[in-house]
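Asker: turn this into a structure:
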Amino acid sequence: MEETTTLDIETLKEQYIPGPQSLHLQRPPVPDDVIYTVGLYGWRKRCLYFLLLLFLVTMIVNLALTVWIIKVMNLSTGGMGNLQLSQDGIRLEGFSEFLLPLYVKEIQSRRDGALVLRSERNVTLNVRNSQGHLTGQLTVGSDSVEAQCRRLEVRSRADGQPLFSADADEIRIGTKTFTVTGSEGAVFRHSVETPLIQSSASEELKLESPTRTLTMGAPRGVEVTSAHGALTVGGRKDLQLQSTEGEIILDAATVRLASLPLGVFAPEPPGRAPPPPPGQATYEVCVCPSGKLYLSPAARSSTCQAVSNICLWS
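Answerer: Numbering: from 1, shown residues only. Sure thing, here's the model as predicted:
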């Protein structure tokens, strides 16, 4: 007789299907002689120490350079070296050098010193308008001073009166006396308009035109006066005294006509007195029809002749 085996389902579940509370994994036992180490070793450790040392050296060098720059530049809370910052602006002491253009509103020196601008080539001051266009320029070079502007004015410090002004149309000199101290005097290439030309008390006044004509004209007359000395008028060629509507008056205690030529007169006609002897020192002044003057030996009667050699060749 066969035996019947009865399977209990609940018994099988408990035997083969573990529950949630039964899921516990146990680690295998670790031997006592096995040790696990954590960290960097070998070449990785040497590289890390080298980088830390390099960072430390770099930091020390940067700190030393910063201290050196502060010491050399003399940096402080008030400025840098000769450069001091204040509420009024910037103050520079000693010599300062600018390698690029400097834009400032005002440059002022100390009260007890002068303002000096130095340059190896030139010093140029530019003035620009709001659009950036150049309106004025002053250039101080090694051999010239140039000013480019619409009008140049020089005013007196005492009362602010203009002493000198120049523009495209005219040049004005506002001083009472314009003095030229050069040995060659003043050279004017065009006309000059002035109410008075006067020399110093101990100097001579000389008006000269080396290659052209010297003309003086005025609607009411030209007066040439020498109050304390002689007045000399000389010319290489002709000297003309001309008056269209008036007279030429020579008013002096003595009127001398020096270097007049001596005329040679023709043979005397019958009835005229013979000529004076050669040793005679008395002459008369004769006038040719052309207006030329010459000397003729004086006699009892006039020896002036229109056929004299002086009149014929004049």
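Asker: can you give me the helices for this protein?
Answerer: 9-16, 43-73, 309-312 (DSSP state H).
Asker: could I get those as JSON lines with mean pLDDT and mean neighbour count?
Answerer: Where you see a C-beta, it was placed from the backbone N, CA and C, and this is true even at glycine. As requested, the helices of the chain are arranged in JSON lines below (pLDDT from 0 to 100; neighbours: other C-beta atoms under 10 Å):
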{"stretch": "helix 9-16", "mean pLDDT": "60", "mean neighbour count": "9"}
{"stretch": "helix 43-73", "mean pLDDT": "91", "mean neighbour count": "10"}
{"stretch": "helix 309-312", "mean pLDDT": "81", "mean neighbour count": "16"}
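Asker: quick one, strands of the stretch 51-200 of the chain?
Answerer: 75-76, 79-80, 83-85, 90-92, 123-128, 134-140, 145-148, 152-155, 162-166, 171-173 (DSSP state E, counting those that start in this stretch).
Asker: could you dump these into TSV with mean pLDDT added?
Answerer: Formatted as TSV, the strands of the stretch 51-200 of the chain follow (pLDDT from 0 to 100):
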stretch	mean pLDDT
strand 75-76	76
strand 79-80	74
strand 83-85	76
strand 90-92	76
strand 123-128	86
strand 134-140	89
strand 145-148	88
strand 152-155	88
strand 162-166	89
strand 171-173	85
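Asker: can you tell me which of those strands is nearest to G113?
Answerer: For G113, the closest of the strands of the stretch 51-200 of the chain is strand 90-92, at 11.8 Å, according to C-beta to C-beta.
Asker: can you give the contact residues for the closest one?
Answerer: Strand 90-92 is contacted from outside by G79, N82, L83, Q84, using C-beta atoms under 8 Å, 6 or more residues apart in numbering.
Asker: just give me the neighbour total for the first one.
Answerer: In other words, G79. Per other C-beta atoms under 10 Å, the neighbour tally for G79 reads 16.
Asker: likewise for the second one?
Answerer: The burial metric for N82, expressed as a neighbour count using other C-beta under 10 Å, is 12.
Asker: same question, N126
Answerer: 13.
Asker: kindly report the same for the one 4 residues further on.
Answerer: The burial metric for S130, expressed as a neighbour count using other C-beta under 10 Å, is 5.
Asker: what's the pLDDT at it?
Answerer: Here the pLDDT value assigned to S130 is 83.
Asker: which ones are touching the residue nearest to C149 when sequence neighbours are not counted?
Answerer: Here the nearest residue to C149 in space, its sequence neighbours aside, is G136; by C-beta to C-beta, 6 or more residues apart in numbering that works out to 4.1 Å. By C-beta under 8 Å, 6+ apart, the residues touching G136 are N126, V127, A147, Q148, C149, R150.
Asker: CSV please, covering these and showing distance to E193.
Answerer: Formatted as CSV, the contacts of G136 follow (distance: C-beta to C-beta, whole Å):
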residue, distance to E193
N126, 35
V127, 32
A147, 24
Q148, 27
C149, 25
R150, 23
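Asker: would you reformat the strands of the stretch 51-200 of the chain as JSON lines and include distance to L115?
Answerer: Formatted as JSON lines, the strands of the stretch 51-200 of the chain follow (distance: least, C-beta to C-beta, whole Å):
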{"stretch": "strand 75-76", "distance to L115": "25"}
{"stretch": "strand 79-80", "distance to L115": "20"}
{"stretch": "strand 83-85", "distance to L115": "16"}
{"stretch": "strand 90-92", "distance to L115": "11"}
{"stretch": "strand 123-128", "distance to L115": "12"}
{"stretch": "strand 134-140", "distance to L115": "13"}
{"stretch": "strand 145-148", "distance to L115": "16"}
{"stretch": "strand 152-155", "distance to L115": "18"}
{"stretch": "strand 162-166", "distance to L115": "21"}
{"stretch": "strand 171-173", "distance to L115": "27"}
